[in-house]
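Asks: Would you be able to build a 3D model of this:
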Amino acid sequence: MIQMADIREWRTHDVVDTRGHRIGELEAIYADTSTDEPAMATIRVGLPTRHRLVFVPLDGATVGPGYVKVAHDKALVKQCPSIGTDDVLPARAEEAVFEHYGLVYKPGANGERQLARR
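Replies: Numbering: from 1, shown residues only. All right, here's what the predicted structure looks like:
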């Protein structure tokens, strides 16, 4: 598993899919609030004047010289629910990100969010 301190060093590096196709640029890391381990990343995608951030799980991700390779196809990642480059993921939209990748969403016992930006 990629450690939080390690993945932070890769911000602004390319993110590629399993076939090596460039998806975009690593923007931020979101940790699972129950374990404080890296769980998701946001990737800056889009045209230079119309960027947006899409989410991708970090399970199965690896790092290489100048890139982070995620275990999901570029097309799937680009179809994920997104936010603006200056926006924050609304709590009500968090579950949709997990559902997009077929992952189980597990909020805290008192309804706390599962993801926290680090």
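
Asks: Show me what stretch 31-45 is in contact with.
Replies: Here stretch 31-45 makes contact (CB atoms under 8 Å, 6 or more residues apart in numbering) with 1-4, 7, 15, 23-30, 51-59, 61, 68, 70, 77-78, 82-83, 85, 97, 106, 108, 112-116, 118. Every residue, glycine included, has its C-beta placed from N, CA and C.

Asks: next one: stretch 87-104
Replies: Contacts of stretch 87-104 (CB under 8 Å, 6+ apart): 30, 40, 53, 55-57, 72, 76, 79-81, 83, 105, 107, 113-115, 117.

Asks: out of those residues, which are buried?
Replies: Using 16 or more other CB atoms under 10 Å as the burial test, these include 30, 40, 53, 55-57, 72, 76, 80-81, 83, 114-115 as buried.

Asks: Just these: which are in strands?
Replies: Among the buried ones among the contacts of stretch 87-104, DSSP state E puts 30, 40, 53, 55-57, 83, 115 in strands.

Asks: Dump the residues you listed to JSON lines, plus pLDDT.
Replies: Listed next are these as JSON lines, based on pLDDT from 0 to 100:
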{"residue": "Y30", "pLDDT": "91"}
{"residue": "M40", "pLDDT": "94"}
{"residue": "L53", "pLDDT": "96"}
{"residue": "F55", "pLDDT": "97"}
{"residue": "V56", "pLDDT": "97"}
{"residue": "P57", "pLDDT": "96"}
{"residue": "I83", "pLDDT": "92"}
{"residue": "L115", "pLDDT": "91"}
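
Asks: Which strand residues bridge the spatially most central residue of the chain?
Replies: With distances taken as CA atoms, centre = their mean, A41 lies nearest the centre of the chain, 2.3 Å away. Using DSSP bridges, the bridge partners assigned to A41 are I29, V56.

Asks: Tell me the secondary structure at V15.
Replies: For V15, the assignment made with DSSP: H, G, I helix; E, B strand; the rest coil gives strand.

Asks: Let me know the pLDDT of P90.
Replies: On pLDDT, P90 comes in at 90.

Asks: Many thanks, have a good one.
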